[in-house]
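# Fold the following for me, if possible:
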Amino acid sequence: MKHILFTLGIILMVGCSATEDNTTTLLIGTYTDHESRGIYRTTFSDEGFSTPKLVVEVDNPSFLTLSDDGRYLYAVSEGGTDSTSALNAYRYDATTDSFTLINRQPTHGASPCYVRLFDGYAYTANYTGGSYSAFPIGEDGALGEATECEFEPREGSPSHVHGLFEAPDHKSLYVTDLGRSEIFQITSPSQERSRTQLEAGSGPRHMAFGRDGRQAYALNELKGTVCVFDIGEDGLKLKQEIASDSVGGGGCADIHLSGDGRFLYASNRLKEDGISVFSVGEGGYLTKVGYTLTGVHPRNFTLSEDGRYVLVAVRDSDRVEVYSRDAKTGLLTPTNKSLTLSRPVCLVWM
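Okay, the predicted model is just below:
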C-alpha cells in the first residue's frame, strides 16, 4: 500500500509539472496611422499568442510603461507637432480587467518616443522637440503639468533626445541625445550630474547596464555600434566600441541584456534587418557571436521572463515575431509563433 501511494504521489507531481501554466500577458504599443487603434493586449505561451484585444484606444502609443505595482500605465502619443504630442495616464482596474484614462498632458515637445518613471516623475524623451519633459505623478497616478527641459541652441547638429535610462544605483537617469551624440546624467528634472560626448555622428539611442552595475552599453543608431562604458562618478568612460550593424543600415533601435548577464542583444533596421548577439566577457567586454535576420524594421524587443524567447516588434512587417533563445550560446532561432498586428513598436510585459 505504501508503495502504491508513493507511486501515485510521483504521478501527481509529474502531472502538475507538465500542466503548469506558463502563460504571460503582453501589452503592445502601435502606430495608429494604418489599421491599429492604440494599445493591445495578448497572452503568450509555448503555444503562441492569443488573439490581441484593443484595451486602450489612443493615438500613436509608440512607447509605454507600467508602474512598479502594475496599477498605472503611461503611454506617449507620438505626434509630429507640439499640439499632437502628449503623455497619457491610465488606471488599471483588476476587478473589471480594464484601463481607464486618468488624464492627458501635453509634452510641449514634439514626437515623444520614450517614457520613464523615476523618483516621483514621468519623463518623456521628445525627439523632434529636442528636449525631455518631467511630469510630477500624484498619489492617484495623475500627471501634473510638465516641466520641459529644452536645450540651448548651439552650432552643429540639433538635439534629438531619444531615451531615459535609470542608472544601476537608482539615483539618476542617463539621457541619450542622438542629435548631439551625447549622453548626459540627471538626478532631478533640472539637476545635471555628468555629460559624456561621443564621436560626432554616433547617434546614441538606447542603453542597457551590466548586472554588476559597473558597465553601461549604448546603442548608436546612426553609426551602427555598441559603446561599452565603465560607470564613473564623473561620467561614462569608453572602453570598447563594437559593430552591431555591419552593413551600413544606419538604423539601430533597441538593446537588452539577458537575465543572466551573459548575452547582449541589439536590433538593426534599414538594411539586412535583424538582431545582433554578443557574448559578455570579463569586465563587460563584448564579442559578437551571431546575427539573426528578422522581418522589416525591428523596433523594440523583449526577452521572456524565463529567458527562453525573444519577442520582436517588427513594425513594417506588421507582426510580433518570436525567436527561441539558446541559454548556453545566446543564439536565436526563428519560430512559427508570430502574431499579426498593424505597426507594432513597443512590447511591455504586464
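# pLDDT weak spots in the stretch 151-300 of the chain?
Counting by pLDDT under 70, the stretch 151-300 of the chain shows no low-confidence range.
# in it, which spans are helices?
In the stretch 151-300 of the chain, no segments count as helices under DSSP state H, counting those that start in this stretch.
# What's the local residue count around residue 180?
Neighbour count of residue 180, defined by other C-beta atoms under 10 Å: 24. C-beta: built from backbone N, CA, C; applies to glycine.
# so who does residue 146 touch?
For residue 146, the contact set (C-beta atoms under 8 Å, 6 or more residues apart in numbering) comprises 87, 105-108, 124, 133-135.
# Please tell me which one of these counts the most neighbours.
residue 124 leads the contacts of residue 146 on contacts (other C-beta under 10 Å) with 32 neighbours.
# Let me see the contact set for it.
Counting by C-beta under 8 Å, 6+ apart, residue 124 has contacts 76, 87, 107, 109, 112, 114-115, 132-133, 135, 146.
# Show me which pair in the contacts of residue 146 is furthest apart.
Maximum pairwise distance in those, criterion C-beta to C-beta, is 13.3 Å, between 106 and 134.
# Kindly state the beta-bridge partners for residue 286.
In this entry, residue 286 is beta-bridged to residue 280, by DSSP bridges.
# Is it in contact with residue 277, as I believe?
No: applying C-beta atoms under 8 Å as the test, residue 286 and residue 277 come out as separate, 10.1 Å apart.
# Need the overlap of contacts for these two.
Common neighbours of residue 286 and residue 277 (C-beta under 8 Å, 6+ apart) are residue 264.
# which residues of the stretch 151-300 of the chain fall in strands?
161-166, 173-177, 182-188, 191-197, 204-209, 215-220, 225-232, 235-243, 255-257, 263-268, 274-280, 286-293, 298-303 (DSSP state E, counting those that start in this stretch).
# how about residue 305, what does it touch?
Residue 305 touches 24, 259, 349, counting by C-beta under 8 Å, 6+ apart.
# rewinding a little: which ones among the contacts of residue 124 are found in strands?
76, 87, 112, 114-115, 132-133, 135 (DSSP state E).
# if we can go back for a sec, how about the contacts of residue 124, which pair is most distant?
Of all pairs in these, the most separated under C-beta to C-beta is 114 and 146 at 14.4 Å.
# Pairing partners for residue 41 in the sheet, please.
For residue 41, the beta-bridge partners are residue 27, residue 53 (DSSP bridges).
# start at 22 instead
That works, and once the first residue is 22, the last one we named lands at residue 62.
# right, and it touches residue 50 too?
No: using C-beta under 8 Å as the test, residue 62 is too far from residue 50 to be in contact (11.0 Å).
# Of the two, give the one with the bigger neighbour count.
residue 50 (29 against 18).
# Just the angle for the host helix or strand of the more buried one relative to strand 319-324, thanks.
Taking DSSP states H and E as the definition, one finds residue 50 inside strand 45-51. Between strand 45-51 and strand 319-324, the angle comes out at 170 degrees (axes from the mean of the first three to the mean of the last three C-alpha atoms, to 10 degrees).
# tell me which residues of strand 45-51 are tucked away?
47-51 (16 or more other C-beta atoms under 10 Å).
# between the contacts of residue 326, which is nearest residue 222?
Among those, residue 280 lies closest to residue 222 (C-beta to C-beta), at 33.1 Å.
# In contact with the nearest residue to the closest one once chain neighbours are set aside, which residues?
Beyond its immediate neighbours in the sequence, the residue positioned closest to residue 280 (C-beta to C-beta, 6 or more residues apart in numbering) is residue 328, lying 5.1 Å away. Residue 328 is in contact with 279-281, 346, 348, counting by C-beta under 8 Å, 6+ apart.
# count of residues packed around residue 226?
Applying other C-beta under 10 Å, I find that residue 226 has 26 neighbouring residues.
# burial count for residue 104?
Other residues close to residue 104 by other C-beta under 10 Å number 9.
# With the one 10 residues further on instead?
Using other C-beta under 10 Å, residue 114 has 11 neighbouring residues.
# List the contacts of it.
120-121.
# what are the bridge partners for it, then?
residue 119.
# picking that back up, now, among the ones in strands among the contacts of residue 145, which is nearest to residue 203?
Distances from residue 203 to these, taken by C-beta to C-beta, are shortest for residue 153, at 12.7 Å.
# which of the contacts of residue 328 count as buried?
The buried subset of the contacts of residue 328 - by 16+ other C-beta under 10 Å - is 279, 346.
# Keeping just the C-alphas, turn the strand holding residue 50 into CSV.
Written as CSV, here are the backbone C-alpha positions of strand 45-51 (Å, rounded to 0.1, in the frame of the first residue of the first chain):
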residue,chain,number,x,y,z
THR,A,45,2.2,35.6,-19.6
THR,A,46,0.5,38.8,-20.6
LEU,A,47,1.9,41.3,-23.0
LEU,A,48,0.9,44.9,-23.9
ILE,A,49,1.7,46.1,-27.4
GLY,A,50,2.1,49.8,-28.4
THR,A,51,1.5,50.7,-32.0
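# which residues are contacting it?
With C-beta under 8 Å, 6+ apart, strand 45-51 has contacts from 57, 59-66, 70, 73, 76, 81-85, 87, 94, 96, 325-326, 332, 334, 341, 362-371.
# picking up where we left off before, out of the contacts of residue 328, which one sits closest to residue 212?
Taking the contacts of residue 328 together and measuring to residue 212 by C-beta to C-beta, the closest member is residue 280, at 32.1 Å.
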